[in-house]
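1. fold the following.
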Amino acid sequence: MPVRSVEIDGFTWNIHDEGRGPTVVLCHGFPGLGYSYRHQVETLSAAGYRAVAPDMPGYGGTDRPESVEDYTNVAVADRLTRLLDALGIERAVFVGHDFGAPAAWTTALRHPGRVAGLVLLSVPYAPDRLPSRPTELYAAMARKHFLHLHYFQQHGVAEAELDPHAAEFLQRLFFALSGAYRYLDVWDHPSEGRGYLDVLPAAPELPWDWLSEAELEHYASEFSRSGFGGGLSWYRAYDANWEASAQYDGAHLTVPTLFVAGASDPVITMSGPHALDRMRQTVPDLRGIHLLDGAGHFVQMERRREVDDLLLGFLADLYPRERSE
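-> Residues are numbered from 1 along each chain as shown. Predicted coordinates for the structure are as follows:
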């Protein structure tokens, strides 16, 4: 994928930018890169769209801010709109996976005139704030079992464990979160004295039907160079996010929206049917909810053709004139 750097007010983005036509901005989560959308970038550009897949703040070749406030959805949403300005893009469809989903929907809430539509992968729209600080809730859960959301909070601990073993960690986590494993089995382990590699399952050898050795090596090379600290900052911003999102508590998301997830995604398992029902209540222009059987968390890689088809169908409804010309 064509890659270039864009500097805006002293902040440098590394973006994958390919194709011409209506723009689709693809926002990844942890542990991802713009490369996580490599299949969608190819499909979109071939279908007459411009695909922009940035390394999100803290990842890959994009800058890594020091302050956790720079990783809140509000801060990232504002930074994404400045990226649109720099690229000469008035409006775009935003696709968000994992942490990229709330970053995308916050962009729609804060800058509705810049967002033509949303495709949320894995994480359903959640308009309601938690009743107390997230770190307090996660600490209570971690007293019962291992919880990465709590383990990642202390600066330097996870980095010391994971940075020297990037390839092993990524392969094991990709497998653990896939449709081939039940991720919640990780919760069978107590927290005390354990790191993430102590509780993740061993992964089968590559290649898998959705991940090759060369693809894993690309991820491992990038994270070996950058470390995982930038990505972990998104977890460490939970409380700051909780504060910053107060203004959007209960807000309805009015832009056209599509939701796609793996039926075996632990996010779906943990959130339950209530989360999908709540999304139906608070997203009046919800164009569909699709749970793909057998797929796990990284649905855009595990089931790339189905995701591509759903994405193209959604875009065709938004841009019928452009597609017919």
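2. next, residue 194: secondary structure please.
-> Reducing the assignment to helix, strand or coil with DSSP: H, G, I helix; E, B strand; the rest coil, the entry for residue 194 is coil.
3. also residue 131?
-> Reduced to three states with three-state DSSP, the structure at residue 131 is coil.
4. share the number of residues neighbouring it, please.
-> As a burial measure, residue 131 scores 7 neighbours (other Cβ atoms under 10 Å). In this view, the C-beta of every residue, glycine as well, is placed from N, C-alpha and C.
5. ok, the one 4 residues further on next?
-> Neighbour count for residue 135, taken as other Cβ under 10 Å: 16.
6. show me the contacts for residue 103.
-> Neighbour list for residue 103: 27, 56, 73, 76, 77, 80, 96 [criterion: Cβ atoms under 8 Å, 6 or more residues apart in numbering].
7. now these as JSON lines including pLDDT?
-> Output for the contacts of residue 103, formatted as JSON lines (pLDDT from 0 to 100):
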{"residue": "27", "pLDDT": "98"}
{"residue": "56", "pLDDT": "98"}
{"residue": "73", "pLDDT": "98"}
{"residue": "76", "pLDDT": "98"}
{"residue": "77", "pLDDT": "98"}
{"residue": "80", "pLDDT": "98"}
{"residue": "96", "pLDDT": "98"}
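8. scan the residues you listed and report the most crowded one.
-> Counting neighbours by other Cβ under 10 Å, residue 56 leads the contacts of residue 103 with 30 neighbours.
9. three-state assignment of it?
-> coil.
10. number of residues surrounding residue 57?
-> Counted by other Cβ under 10 Å, the residues lying close to residue 57 total 22.
11. ok, it - contacts?
-> Taking Cβ under 8 Å, 6+ apart as the contact definition, residue 57 lies against 63, 64, 65, 70, 71, 76, 79, 230.
12. which one of those sits closest to residue 23?
-> The shortest distance between residue 23 and any of the contacts of residue 57, using Cβ to Cβ, involves residue 79 and amounts to 16.4 Å.
13. and the host helix or strand of the closest one, what other elements does it pack with?
-> When secondary structure is defined by DSSP states H and E, residue 79 falls within helix 73-87. Helix 73-87 is packed against strand 3-8, strand 11-18, strand 23-27, strand 50-54, helix 100-110, helix 238-244, with contacts defined by 3 or more Cβ pairs under 8 Å, 6 or more residues apart in numbering; DSSP states H and E.
14. buried residues, the last one. List them.
-> Same thing as helix 238-244. Going by neighbour count (16 or more other Cβ atoms under 10 Å), the buried part of helix 238-244 is 238, 240, 241, 242, 244.
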